[in-house]
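*Asks:* fold the following for me, if possible:
(one chain, ligands or ions: 2)
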Amino acid sequence: MEPPIDLLLFLIPIYVANSSPVVLGGGPPLDFRITLQDGNRLLGDGKTIRGFAGGVLAGTVAGGAAAFFYRSPFFPDIQAQFLGAFVLSFGTLAGDALGSFIKRRAGVGSGRPFVLDTITFLIVALALAYPIASANLYDPQNLIFFAGLTLIIHPLANLLANRAGLKSVPW
Ligand code: CTP
Ligand code: MG
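*Replies:* Ligands and ions are numbered 1, 2, ... in the order given. As a prediction, the model looks like this:
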């Protein structure tokens, strides 16, 4: 396992990409209001084009800015680290949308809590980064740290966002 500071800095683009749509989102939904055979929306109104694009951009800028003064041990070179900021951010929003897709298929309404809310985005981000990241990123101890911290931070961040008036629900 790498030092916790390296693990925390690695998570910057993922956490920024996942949290920023709450403030940056709004406008037309990402699924163009398409409803599937099961009668439920493809993704629902909780996933907007602006939230997706804004989240990817914010995560990429945050991770890219960090790469200017910090060399991550999880990418073979600085180019891969910059590209990684984008790939991790895109993976985060793609995973977030995948989570909503699964929720809608399970009949869970937009904004309702769901087990996968907390972790799908992390799994997809890590999976998409596989071709460009160093193999040590996927050490089991690192993955346990990422998953464990995210399972704690995600509900806490949502609760704080609710208390701060950014979100109508505390999850
Ligand atoms: N958001 C957005 N676009 C995204 C993701 C999030 O606009 N791609 C905004 C929406 O305003 C959303 C809020 O961020 O309501 C919180 O995100 P999240 O909890 O992921 O969405 P939910 O509303 O809970 O919808 P779902 O049940 O589909 O996850
Ligand atoms: Mg939600």
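*Asks:* tell me the pLDDT at Leu116?
*Replies:* pLDDT recorded at Leu116 is 89.
*Asks:* quick check: closest non-adjacent residue to it.
*Replies:* What sits nearest to Leu116 in space, not counting adjacent residues and going by Cβ to Cβ, 6 or more residues apart in numbering, is Gly99, at 5.0 Å. Bear in mind the C-beta positions are built from the backbone N, C-alpha and C, glycine included.
*Asks:* separation between that neighbour and ligand 1?
*Replies:* 6 Å (Cβ to the nearest ligand atom, to the nearest Å).
*Asks:* what's the strand or helix carrying that residue packed up against?
*Replies:* Assessed by DSSP states H and E, Gly99 sits inside helix 78-105. Packing partners of helix 78-105 (3 or more Cβ pairs under 8 Å, 6 or more residues apart in numbering; DSSP states H and E): helix 4-19, helix 49-69, helix 120-129.
*Asks:* columns mean pLDDT, distance to Thr150 and mean neighbour count on top of those, output as a markdown table?
*Replies:* As requested, these are exported to a markdown table (pLDDT from 0 to 100; distance: least, Cβ to Cβ, whole Å; neighbours: other Cβ atoms under 10 Å):
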| stretch | mean pLDDT | distance to Thr150 | mean neighbour count |
| --- | --- | --- | --- |
| helix 4-19 | 98 | 8 | 20 |
| helix 49-69 | 98 | 14 | 19 |
| helix 120-129 | 98 | 5 | 22 |
